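1. What shape does this take:
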Amino acid sequence: MTSFLIDAAKYYAAQPHQDRAWEELEAKLPKHLLDDFKAAYRGSQEPSVGLVVLTRQTFAELTGYRADLFTDQEVSDCNRMLKETGFAKDPELAAMLMANILHETGNMKYLKELASGWAYEGRSDLGNTQPGDGPRFKGAGVLQLTGRFNYSRLSKALDDPKVMDGVEYVYKTYPFRSAVVWIEENNLLAIAQTEGFDAVCRKINGGWNGYQDRKSKFKICKQVLVP
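-> Model prediction:
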């Protein structure tokens, strides 16, 4: 969380000059920063009672990596993804999703596609109709958002035009929420609730690639997330 926003809120007293300053500040800051600040600032009034909430230490326990290797932005974005998709309401369902995310990202190590993206150049099925769209809109985030068309849908869903800057912006800003549109459109929560872990794996992967690793990670996620 940006410290100057917290400091500004602390001394805010609804004075006219403060209102003008807030308006000017909001006009200059990225929407995702404002959204994260508002969510945190409301936290004491609207606690997430009963919801799964991850921390950097949780990330460490899930991955085996040091907690300081993860950023507050990554943790915040993950929690918002879980909450917005409904997975945060049930620890076991959250474990199903997180196990697959751990597999897809090499324990959250790879949040953007390693390949150059030129293989997607000219792919009209992905909406890549302009020169350079392949590398610009290569896989970003935990479920590898790919292609101009899918980036544009995310941009609209998040009301953030900077998503169209491409992969570098998305994987740093929305590493987890970049998957929200896909999760919702594919009814992944309902699949998890009614069909279970194997069906979630198959929906995400389209088959059984890496199933044993997903299953072992599911065991770890349950140990960490399920009371």
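2. Now stretch 149-158: buried residues?
-> Neighbour counts over stretch 149-158 (16 or more other C-beta atoms under 10 Å) mark 149-151, 153-155, 158 as buried. Heads up, the C-betas are built off the backbone N, CA and C, glycines and all.
3. what's the answer for stretch 166-177, then?
-> Buried-residue list, stretch 166-177, by 16+ other C-beta under 10 Å: 166-167, 169-177.
4. circling back to that earlier point, of the buried residues of stretch 149-158, closest to Lys138?
-> Tyr151 (10.1 Å; C-beta to C-beta).
5. Now the closest one. Nearest residue, chain neighbours left out?
-> Closest residue to Tyr151 apart from its sequence neighbours, by C-beta to C-beta, 6 or more residues apart in numbering: Phe137 at 5.1 Å.
6. ok, now which ones touch the one you found?
-> 117, 120, 126-128, 146-148, 150-151, 166-167 (C-beta atoms under 8 Å, 6 or more residues apart in numbering).
7. What of Met108?
-> Counting by C-beta under 8 Å, 6+ apart, the residues that Met108 touches are 59, 62-63, 65, 70, 74, 101-102, 142.
8. Quick check: the gap between it and Asp77.
-> 12 Å (C-beta to C-beta, to the nearest Å).
9. Keeping just the C-alphas, turn stretch 107-127 into PDB.
-> The C-alpha trace of stretch 107-127 is given here as PDB (Å, rounded to 0.1, in the frame of the first residue of the first chain):
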ATOM      1  CA  ASN A 107       5.200 -22.300  -7.400                       C
ATOM      2  CA  MET A 108       4.500 -18.700  -8.400                       C
ATOM      3  CA  LYS A 109       7.900 -18.200  -9.900                       C
ATOM      4  CA  TYR A 110       6.700 -17.600 -13.500                       C
ATOM      5  CA  LEU A 111       4.000 -14.900 -13.800                       C
ATOM      6  CA  LYS A 112       4.500 -14.300 -17.500                       C
ATOM      7  CA  GLU A 113       5.200 -16.600 -20.400                       C
ATOM      8  CA  LEU A 114       8.800 -17.400 -20.900                       C
ATOM      9  CA  ALA A 115       8.600 -17.600 -24.700                       C
ATOM     10  CA  SER A 116       8.900 -14.500 -26.800                       C
ATOM     11  CA  GLY A 117       5.300 -14.500 -28.000                       C
ATOM     12  CA  TRP A 118       6.100 -14.300 -31.700                       C
ATOM     13  CA  ALA A 119       4.300 -17.600 -32.100                       C
ATOM     14  CA  TYR A 120       1.100 -15.700 -31.500                       C
ATOM     15  CA  GLU A 121       1.800 -13.000 -34.100                       C
ATOM     16  CA  GLY A 122      -1.000 -12.700 -36.700                       C
ATOM     17  CA  ARG A 123      -3.300 -15.000 -34.700                       C
ATOM     18  CA  SER A 124      -6.700 -13.600 -35.600                       C
ATOM     19  CA  ASP A 125      -8.400 -16.100 -33.200                       C
ATOM     20  CA  LEU A 126      -6.600 -14.200 -30.400                       C
ATOM     21  CA  GLY A 127      -7.400 -10.800 -31.800                       C
END
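10. Many thanks, I have nothing further to ask.
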